[in-house]
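Participant: fold the stuff below for me.
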Amino acid sequence: MRKYVLKRLLISVGLLFFVSLIIYILMRSLPTSYVEAQARTLSMRPGAKSYTDWLLQLQQAYGLDVGIVPGFFRWLSNAASGNFGDSWAFNVPVTQKFTEVIWDSFILASIALFLQVMISIPLGIHAARKQYSRSDYAITVFALLGISLPTFFFATVLKLIFSVWLGWFDLYGKVGRDYMQLDAFGKFMDVSSHFVLPIMTLTIIGVGSLMRYTRTNMLEVLNADFIRTARAKGLSERRVINYHAFRNTLIPIVTILGGSLPGLFAGALITETLFQIPGIGYTGYQAMVSGDIPFTMFYMVFLAVLTLLGTLIADILYAVVDPRVRIR
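Facilitator: This is a model prediction of the structure:
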C-alpha cells in the first residue's frame, strides 16, 4: 500500500507539472488581459503616458516581460514557496482571496453531496429491487430529469417559482438588505435562506447520475449467483440487500464520490454565478472574465490538484470496500 501510494504521488507530481505548464501557456496566450485593459484605462487620463508605455510598465511590474517558458518557471518557483502573487482584479494576495471565498463553496457542496447520497442511493436500491414497477419508472424519470436538465435552466426555474411567484427567497446574493441589523441567530437564518435554492439546484442536478449508477450496479449484483445462494440459505431479504448486494455495488459509487472531491472545494461556477454566491466558483469566473492571470492560474492548478487527489483516494478506497482488489 505504501509503495503504491508513493508511486501514485510521484506520477501525480509529474502530471501536475505538465498540466500547470499547459494552463500557464493558455493564460499567457489569451487575446486580452487585465494588464492591457488597465493600460488602456490609464492612458486615457489627462496628461498620461501612452498606451504602449503603460503596457510595458505594467508587464514589467507583473512579470510578463519575459517569454512563456521563463515566465512559467518564475511562477513555478514562487508557487513552490506558497507565493502565488497578487490578484489583479481584487488587489489582494491570491491566497488571501482564496481563504475568504472557499468556505461558502465548501458549505454548499458538502450539504449538496450529503443530500445527493442520502437521496440517490436508497432510491437506486429501491428501484433495483422493484424493477419495472411504477416506483422504478418514477425514479428513473426523476434521475433522467436530473441528468438532462441544464444547471442554468433549472436554477432559473427555481428562482422564478420560489423568488418571483412565491417570494420566499431572494433572487440572488448571500445576505439580505437588513443583514447588519439582525442578531447572530437572525444572520445565520438569513444566510441559510439564501443558500436554499443553490443547494436545491446542486442536489437535484447531481442526484440523477449517482441514482442511475446505484440502480444499474444493484441490478447486476442481484442477478449474481452468490445472491441466489444467500437467499437459498434462508438469509433475510434485508441482510441480502444491505450487506451482500450493496457492498458489491460500492466500487462504482466510490468512483463517483472520489470524483466529487474537486466539486467540494472548487465551487459550482454556474450555480454560484447565477445566484451570485461569493464562493470560489463565482470568484474564479470573475477572475477569468477580467483576465486575472494570477488568480485564474491558482484556481486552475487547484482544480488539477483536487482531481488527482480524488482519483488517488478512490483507488485506495477500492481495496477498502472490496477485499478482492489488491493494489500494487
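Participant: list the contacts of residue 286.
Facilitator: Neighbouring residues of residue 286 by C-beta atoms under 8 Å, 6 or more residues apart in numbering: 89, 292. Where C-beta positions appear, they are placed from N, C-alpha and C, glycine not excepted.
Participant: likewise for residue 272?
Facilitator: When contacts are taken as C-beta under 8 Å, 6+ apart, residue 272 is in contact with 104-105, 108, 198, 278-279, 281-282, 285.
Participant: so which helix or strand takes in it?
Facilitator: For residue 272, the enclosing helix or strand under DSSP states H and E is helix 269-275.
Participant: now, which of the contacts of residue 272 sits nearest residue 90?
Facilitator: The closest of the contacts of residue 272 to residue 90 turns out to be residue 278 (C-beta to C-beta; 11.1 Å).
Participant: ok, the closest one touching residue 104?
Facilitator: Yes: with contact defined as C-beta atoms under 8 Å, residue 278 and residue 104 form a contacting pair (6.1 Å).
Participant: what is in contact with those two at once?
Facilitator: Residues within reach of residue 278 and of residue 104 at once, by C-beta under 8 Å, 6+ apart, are 174, 272.
Participant: that older thread, between the contacts of residue 272, which has the most around it?
Facilitator: Counting neighbours by other C-beta atoms under 10 Å, residue 279 comes out on top of the contacts of residue 272 with 29 neighbours.
Participant: tell me the contacts of it?
Facilitator: 101-102, 104-105, 108, 267-268, 272.
Participant: which helix or strand lies directly C-terminal to the host helix or strand of residue 57?
Facilitator: Taking DSSP H and E as the definition, residue 57 sits inside helix 51-61. The helix or strand immediately downstream of helix 51-61 is helix 68-80, counting by DSSP H and E.
Participant: find the nearest non-adjacent residue to residue 158, please.
Facilitator: residue 197 (5.1 Å; C-beta to C-beta, 6 or more residues apart in numbering).
Participant: oh, that last question was meant for residue 282, not what I typed.
Facilitator: Excluding the flanking residues, the one nearest residue 282 by C-beta to C-beta, 6+ apart is residue 272, at 3.9 Å.
Participant: A helix includes residue 278, no?
Facilitator: No: with DSSP: H, G, I helix; E, B strand; the rest coil as the criterion, residue 278 is coil rather than part of a helix.
Participant: next, work out how far apart it and residue 109 are.
Facilitator: The gap separating residue 278 from residue 109 is 15 Å, by C-beta to C-beta, to the nearest Å.
Participant: kindly report the same for residue 9.
Facilitator: 25 Å.
Participant: who's more crowded, the two?
Facilitator: The neighbour comparison of residue 9 against residue 109 (other C-beta under 10 Å) goes to residue 109, with 27 against 12.
Participant: which pLDDT value goes with that one?
Facilitator: Note on residue 109: pLDDT of 87.
Participant: just how off-centre is the strand or helix carrying it within its chain?
Facilitator: Assessed by DSSP H and E, residue 109 sits inside helix 94-129. Helix 94-129 sits 9 Å away from the centroid of its parent chain (C-alpha atoms, centre = their mean, to the nearest Å).
Participant: buried residues in it?
Facilitator: By 16 or more other C-beta atoms under 10 Å, the buried positions in helix 94-129 come out as 94-95, 97-98, 101-102, 104-109, 112-113, 115-117, 119-121, 123-129.
Participant: which helix or strand lies directly C-terminal to that helix?
Facilitator: helix 134-148.
Participant: and residue 31, what's its pLDDT?
Facilitator: Value for residue 31, per-residue pLDDT: 69.
Participant: on that earlier part again, roughly how far is the helix holding residue 272 from the heart of the chain?
Facilitator: Worked out by C-alpha atoms, centre = their mean, helix 269-275 lies 12 Å from the chain centre.
Participant: any idea which of the contacts of residue 279 is closest to residue 203?
Facilitator: residue 108 (10.1 Å).
Participant: my read: the closest one touches residue 269, true?
Facilitator: No: using C-beta under 8 Å, residue 108 makes no contact with residue 269, being 11.9 Å away.
Participant: could you chop this structure up by domain?
Facilitator: Under automatic domain parsing, the residue ranges defining each domain of the chain are 34-77, 94-321.
Participant: and those domains as JSON lines, adding distance to residue 15?
Facilitator: Formatted as JSON lines, these follow (distance: least, C-beta to C-beta, whole Å):
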{"stretch": "domain 34-77", "distance to residue 15": "15"}
{"stretch": "domain 94-321", "distance to residue 15": "6"}
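Participant: what's the most buried one of the ones you listed?
Facilitator: Mean neighbour count, computed with mean count of other C-beta atoms under 10 Å, is highest for domain 94-321 among the domains of the chain, reaching a mean of 18.
Participant: chain center to it, what's the gap?
Facilitator: 9 Å.
Participant: name the nearest residue to residue 149, sequence neighbours excluded.
Facilitator: residue 205 (6.6 Å).
Participant: in the stretch 151-300 of the chain, which ranges drop under the pLDDT threshold?
Facilitator: Across the stretch 151-300 of the chain, the ranges flagged by pLDDT under 70 are 259, 261, 263-267.
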